[in-house]
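Student: task: produce atomic coordinates for the following.
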Amino acid sequence: MLNAIPLAASLGDKIDSSFFSFDSSIFTFFGNMQNGFLTVIAKFFTAIGDEKFMIPFVLLAAVLCLFKRTRKYGFAVIFAMMVGTLLTNLWLKPMVLRIRPYNTMQTSALKDQFMKWYAAAGSLSESDYSFPSGHTTSAFEVATALVICLVKGKKGKFAWILPLVAIGTMCSRVYLMVHYPTDVIAGALVGTLAGVIGYLLAVFACYVAGKVKFLDAIDLEKLFKKGINLKACGALFAVATLVLLGIAFGRILVEKDEVKCAYSREYDCQNKARVGEDKYPAIDGENYCKIHWKQITAEKASGVDGVENSDIDIPLIEEDGSAEEISEAPAVPETAEAA
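Tutor: I've put the predicted structure just below:
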């Protein structure tokens, strides 16, 4: 397991170096159009892919599963989000290990201009790896699953709005300088794939539910003597969605400056520091993001680079090879430094 860490880390470096010119040109495009109004719009669209919105949205989808006529929609959204989470957060991000652009771009020729754009956009910070974009994946997986359901159900008159919203979320992540353009392109592809798989799983789940009597009997519509008005329910669902989105958007707008990671070697890390968490205790009085906390504890455990042991409890590598908890962050690509 430990031998695989450098190989995994080099994948993120390779993407950085291979697409540096492309990513930089797109950053320049969005940076040059920045203004106060567009920044607010970008934060609105980024709220759509945020977990503060997506997690409550899953509960709304679960409610749809309780009505026979909307069951497929609910299943499609839930399955799509499950697949997208597995592909993005549990597979690709830990495999690629790509550092956020507001960190790695500090070592490039575009450093001064990029950091001005980042500050002008609000200096939002994340705590995990960059590739692919989780927000973009979330937006595309939900949009794709719902579009297929609507089109297949011959109710796709306004379905085209959903992909536009997903594209808006994708662009907002680059505008805010928290993702590389290549991150969001990958997120769009992963999200679309997750949406298709989610829809297929929903079809299968509805088929199984139809064959099992007690599952098929679950239908809250029976509680209403005159049935339910689908248009009214659709409007209610839309209102509930907008309320949840408004709450998530509001939290982003009023978000105060958070404690930044104390890592400051090849760059000054702008990730959110893990503060007051038992799993990520302070190291020598300093708080670090998850990525660099693992890196520094690994160095302290192995004694590399002259790092001395501190007062914290260093996690040990399990016999089964689970070394993820102390894996190192990848180095900044040489191409970006030379650009």
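Student: quick one: Ala205 is in a helix?
Tutor: Yes. Per DSSP: H, G, I helix; E, B strand; the rest coil, Ala205 lies within a helix segment.
Student: per-residue pLDDT, it?
Tutor: At Ala205, the model reports a pLDDT of 87.
Student: how close does it get to Ser108?
Tutor: 47 Å (CB to CB, to the nearest Å). (C-beta placed from N, C-alpha, C; glycine too.)
Student: find the centremost residue of the protein, please.
Tutor: In the chain, the centroid-proximal residue (CA atoms, centre = their mean) is Gly134; its distance is 2.0 Å.
Student: picking that back up, neighbour count winner among Ala205 and Ser108?
Tutor: Ser108 (22 against 19; other CB atoms under 10 Å).
Student: how close does the more buried one sit to Ile218?
Tutor: 56 Å.
Student: and for Thr169, the neighbour number?
Tutor: Count around Thr169 with other CB under 10 Å applied: 29.
Student: an error on my part: the question was meant for Ser24.
Tutor: Using other CB under 10 Å: Ser24 sits among 21 other residues.
Student: what pLDDT does the residue nearest to it when sequence neighbours are not counted get?
Tutor: Spatially, and ignoring its direct neighbours in sequence, Ser24 is nearest to Leu110 (5.6 Å; CB to CB, 6 or more residues apart in numbering). pLDDT, Leu110: 88.
Student: helix or strand for the spatially closest residue to Ala62 that is not a sequence neighbour, which one?
Tutor: Nearest non-adjacent residue to Ala62, counting by CB to CB, 6+ apart: Gly74, 6.2 Å away. Per DSSP states H and E, Gly74 falls inside helix 71-87.
Student: could you measure from the residue nearest to Ser24 over to Ser21?
Tutor: Taking CB to CB, one finds Leu110 at 11 Å from Ser21.
Student: ok, now Thr297?
Tutor: 36 Å.
Student: more neighbours, those two?
Tutor: For Thr297 versus Ser21, neighbours defined as other CB under 10 Å are more numerous around Thr297 (22 against 10).
Student: re earlier: pull the contacting residues for the residue nearest to the centre of the chain.
Tutor: Gly49, Thr88, Asn89, Lys93, Asp128, Gly187 (CB atoms under 8 Å, 6 or more residues apart in numbering).
Student: distance from stretch 148-164 to the middle of the chain?
Tutor: 24 Å (CA atoms, centre = their mean, to the nearest Å).
Student: which residues in the stretch 151-300 of the chain form helices?
Tutor: With DSSP state H, counting those that start in this stretch as the criterion, the stretch 151-300 of the chain has helices at 161-175, 181-211, 213-216, 230-253, 290-302.
Student: need the ones you listed in CSV (columns: distance to Met82).
Tutor: Shown next, in CSV, are those (distance: least, CB to CB, whole Å):
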stretch, distance to Met82
helix 161-175, 18
helix 181-211, 8
helix 213-216, 19
helix 230-253, 19
helix 290-302, 22
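Student: where among those helices is the average confidence lowest?
Tutor: helix 213-216 (a mean of 68).
Student: low pLDDT regions in this structure?
Tutor: 1-10, 213-216, 219-234, 255-257, 304-339 (pLDDT under 70).
Student: mind redoing it with 80?
Tutor: Applying pLDDT under 80 to the chain flags residues 1-10, 153-157, 209-238, 240-241, 245, 247-258, 276, 303-339.
Student: re earlier: what residues are up against the residue nearest to Ala62?
Tutor: Here Gly74 is in contact with Ala61, Ala62, Val63, Leu64, Cys65, Leu66 (CB under 8 Å, 6+ apart).
Student: rerun that using 6 Å as the cut-off
Tutor: For Gly74, the contact set (CB atoms under 6 Å, 6 or more residues apart in numbering) comprises Ala61, Leu64, Cys65.
Student: looking at those residues, spot the one nearest Leu236.
Tutor: Leu64 (11.3 Å; CB to CB).
Student: quick revisit: restrict the next helix or strand after the helix holding Gly74 to CA atoms and write it as PDB.
Tutor: Under the assignment DSSP H and E, the closest C-terminal helix or strand after helix 71-87 is helix 93-96. Presented in PDB, the C-alpha positions along helix 93-96 are these (Å, rounded to 0.1, in the frame of the first residue of the first chain):
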ATOM      1  CA  LYS A  93     -10.000  12.100  -5.300                       C
ATOM      2  CA  PRO A  94      -8.000   9.700  -3.200                       C
ATOM      3  CA  MET A  95      -6.400   8.100  -6.300                       C
ATOM      4  CA  VAL A  96      -5.500  11.300  -8.200                       C
END
